[in-house]
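Undergrad: predicted structure and sequence below. I'll ask about it afterward.
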Amino acid sequence: MNKKFLFLGAALGVLCLAVSASAQTVASNNTAASGNMTVAMNNAPVEQVVVYGQGQTRQVQTVPQEDIIAAAPGTSPLKVIAKLPGVNFQSADPFGAYEWSARISIRGFNQNQLGFTLDGVPLGDMSYGNDNGLHISRAISSENIGSVELAQGTGALGTASTSNLGGTLEFRSSAPLDDFGVQVASTYGSNDTYHEFVRLDTGTLPTGATAYLSYGLQHSHKWKGEGTQKQYQINGKIVQPIGPVTLTGFLNYSDRAENDYQDMSMAMIKRLGYRWDNISNNWPLMVQVAEVYQNQAALAGGGAEPYPGAGTTFPAPFQTVDDAYANASGLRKDTLGGVTADWSITPDLTFKATGYYHHNNGQGIWFSPYVPTPGGGPIALRTTEYQIKREGTIASLTWALGSHTIEGGLWYENNDFNQARRYYGLGLAAPGRNSLDFQANPFYTQWAFVFNTETLVFHLQDDWQITDALKLNFGFKTQDVTNKANAVTGTAFNGTINSNDNFLPQVGVNYKISDISEAFADFAENREAFVSAATSGPFSTSQAGFNAIKGKLKPESSKTYEAGYRFHNDTVQGVIAAYYVEFQNRLLATSAGAAIVGNPSVLSNVGGVTTKGIEAAGTWRFAPDFWLFGSYAYNDSTYDQNVLDGSGSIVMYTAHKTVVDAPKHILNAELGYDNGSLFGRVNVSYMSKRYYSYQNDASVPSRFLTDLSLGYRFTGNDLLNGLEIQGNIYNLFDKQYVSTVGSTGFVASGDAQTLLPGSPRTFFVTLRKQF
């Protein structure tokens with residue numbers, strides 16, 4: 001611990017000296033020897049902060065690698081792209097990587113209704129407990145991400161996703177370098193955080209191949225309560241040209257384990273404070289709380305107290321058994337790999353095919369005070385267990401034919417997903433189990449399911465350059481998804497449900513008004529496939545419940561209309577866009593009891609949502625080495641109807657209410673400086689209030705947040721060339737605010753234990769060296 005503080009103090013001292021020296025030093029144009037890992041390691045200023053999609057017929061922006069590296073190492077790229085218009089990203093940890101809390105919504109569409117890919121490989125909807133993919137924070141180290149492309153409304157027709165009712169995010173990994181090199185980086189900061197990263201680039205090998213291999217480690221204590229969040233990652237990539245064919249292969253591994261923060265309500269925050277959390281360091285107290293609850297439950301059921309010595313009154317400040325738990329955590333191990341062949345058959349004809357494989361083992365752990373351990377203490381360890389084995393192929397053929405570029409493609413995936421709910425014994429004097437270890441030897445399996453999802457998507461499109469100024473693209477895709485479920489333990493359940501559509505069109509136009517401006521407009525129709533899981537989707541109910549909804553349940557669908565104007569000159573570039581979305585066949589699942597208990601839910605179509613809004617973003621380079629970026633989004637997303645039960649009676653008054661977790665106003669501003677040696681950024685973001693009840697009688701207030709980064713690149717000799725120091729401060733003014741809403745779901749009305757407070761001020765210092 002003392003050594004880490006010495007490191008932090010020394011790093012801060014070096015940073016201060018570097019800032020002081022920069023005022024007297026002209027930025028050197030020399031580059032570090034033997035090839036730099038990224039542009040951010042070069043002694044050259046950042047050229048573009050955001051790429052605004054010139055020539056596209058859709059609203060698109062791209063964040064380059066420089067923006068990702070400007071964040072503290074280990075920061076999720078989702079947090080980096082949160083400055084783009086229309087993006088609402090929240091997480092309870094400073095890095096945006098804590099998966100239970102990480103939520104992204106775009107134009108009112110939540111994470112389950114967006115599409116995500118890495119180098120074209122589908123990541124599913126990246127939700128917690130994902131049945132068909134994995135989160136980007138596990139798929140690849142942030143240091144190896146080359147760019148992130150956001151399409152707020154209409155994703156590319158060939159995107160491998162069946163959940164992209166709203167926008168899409170395409171992550172692209174960086175390429176191996178042509179020159180041999182090694183990059184090492186070490187970070188230390190708040191909450192005893194340390195992040196280590198090393199990457200070896202082979203340079204060009206005798207076969208013409210280039211490759212890299214990297215290892216990353218992140219370890220941090222929670223900012224409140226007791227617990228750890230840690231991750232190990234190994235990434236490898238190789239590019240091998242063979243005549244007209246380029247082969248690209250990658251293999252990534254992640255082992256992530258993180259203790260959870262306690263979900264809270266607004267009443268709990270007011271009563272217990274923002275820093276209240278699970279109590280993992282006082283086992284006797286949590287045993288007492290569980291015994292009191294089980295005494296109360298037994299008396300309410302007409303029985304005798306199972307723990308007479310505990311009584312029926314909770315110890316202060318507890319008021320309910322759900323105020324805090326003894327522990328909770330999420331464990332995930334993933335292997336993701338793929339091989340891509342890119343073949344230039346002729347100058348006008350190219351073929352590209354990718355085969356991929358993903359394997360996942362996961363456990364969501366909760367120390368449940370509702371279930372005692374037979375022969376042990378009053379608390380049992382409950383898991384929701386996951387195993388994913390999916391493989392797929394993505395192929396496309398592109399033909400340039402005069403003024404037309406015709407492209408067609410196919411995506412096939414077969415996904416086997418196993419899910420189970422099990423209970424493991426805990427002791428009376430001590431738990432006897434580690435919450436960050438995978439559990440074995442359960443005393444009870446409540447249920448276990450085997451799911452299979454088969455996906456087949458075909459698309460065909462034409463990009464027609466009608467004149468030098470006018471471009472039109474149009475196409476369609478077909479989508480056929482079959483979901484199967486079979487129970488192997490706990491209940492007799494089996495079922496199959498299918499969603500298919502033979503014509504989902506997309507059309508867009510781009511008109512070049514002048515050399516510095518253009519207009520665009522597009523329309524797209526999308527449909528979301530059903531989810532194969534016991535905890536969400538049509539299978540998260542009883543056999544009778546599934547049989548009742550199978551024939552009448554409709555997949556969610558959307559129709560998106562958008563239009564905009566882009567402009568750019570030597571100092572200013574930006575975009576203004578407007579959109580209108582018709583969201584139909586909205587699915588709503590309701591359950592009885594506390595959300596964490598996991599009671600069966602009932603899924604039904606409950607009407608539609610109308611969304612409309614405007615977005616604007618721009619970058620102004622107002623002086624040498626300075627830039628100012630800003631974005632603003634106004635979103636009006638409202639439910640079209642009230643929610644009715646089977647008899648037609650109103651059970652939820654949602655008509656014309658604002659969609660949950662859909663702020664009307666989001667504003668971002670960023671001031672940056674980079675002269676090749678000294679660099680820094682300050683970002684200010686504003687978000688208006690957000691509702692977490694469907695009837696809009698429970699909300700969290702608006703908030704302002706400020707982040708700061710500052711760094712220096714050294715030059716002068718072999719020791720200094722390629723050396724860089726960077727400091728990051730998140731939540732600079734230490735604001736108290738609610739970050740995630742809906743962590744355990746949303747409720748019809750009133751307060752609910754489904755909020756997670758955001759992280760207080762944190763700071764991190766990073767030393768990088770490129771050899």
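TA: Looks like it came in fine.
Undergrad: just the helices from the stretch 51-200 of the chain, written as ranges.
TA: 65-70, 77-80, 136-139 (DSSP state H, counting those that start in this stretch).
Undergrad: meant to ask about the chain
TA: 2-22, 65-70, 77-80, 136-139, 266-272, 283-300, 543-550 (DSSP state H).
Undergrad: using CSV, list the CA coordinates for the third one.
TA: What follows is helix 77-80, C-alpha atoms only, in CSV (Å, rounded to 0.1, in the frame of the first residue of the first chain):
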residue,chain,number,x,y,z
PRO,A,77,-15.9,2.9,-24.4
LEU,A,78,-19.6,3.3,-23.6
LYS,A,79,-18.7,6.0,-21.2
VAL,A,80,-16.5,7.7,-23.8
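Undergrad: pLDDT averaged over it - what is it?
TA: Averaging pLDDT along helix 77-80 gives 97.
Undergrad: same check, this time on the longest one
TA: Per-residue pLDDT values across helix 2-22 average out to 37.
Undergrad: how near is Asn502 to Lys554?
TA: 16 Å (Cβ to Cβ, to the nearest Å). For the C-beta atoms, the positions are set from N, CA and C on the backbone; glycine is no exception.
Undergrad: neighbour-wise, which of these two wins?
TA: Set Asn502 next to Lys554 and count neighbours by other Cβ atoms under 10 Å: Lys554 wins out with 14 against 10.
Undergrad: ok, for that one, nearest residue in space, not its chain neighbours?
TA: Take Lys554 and drop its neighbours on the chain: the residue closest to it by Cβ to Cβ, 6 or more residues apart in numbering is Asn585, 4.3 Å away.
Undergrad: Gly181 against Phe771, yeah?
TA: Yes - here Gly181 reaches Phe771: they are 6.3 Å apart, a contact under Cβ atoms under 8 Å.
Undergrad: of these two, who's got more company?
TA: Gly181 (22 against 15).
Undergrad: what residues are bridge-paired with that one?
TA: Asp201 (DSSP bridges).
Undergrad: same question for Ala485.
TA: Here Ala485, judged by DSSP bridges, has bridge partners Phe451, Gly495.
Undergrad: now for it: which residues touch it?
TA: Phe449, Val450, Phe451, Phe493, Asn494, Gly495, Thr496, Ser532, Ala534, Phe539 (Cβ atoms under 8 Å, 6 or more residues apart in numbering).
Undergrad: where's the dip in pLDDT among the residues you listed?
TA: Phe493 (88).
Undergrad: before we move on, the earlier item: and the helices of the stretch 51-200 of the chain: which comes nearest Pro241?
TA: Within these, the stretch nearest Pro241 is helix 65-70; the backing value is 22.8 Å (Cβ to Cβ).
Undergrad: can I get that closest one in CSV, CA atoms only?
TA: Output of helix 65-70 as CSV, limited to C-alpha atoms (Å, rounded to 0.1, in the frame of the first residue of the first chain):
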residue,chain,number,x,y,z
GLN,A,65,-9.0,5.7,-30.5
GLU,A,66,-7.6,9.0,-29.2
ASP,A,67,-10.8,9.7,-27.3
ILE,A,68,-10.7,6.2,-25.7
ILE,A,69,-7.1,6.6,-24.6
ALA,A,70,-7.8,10.0,-23.2
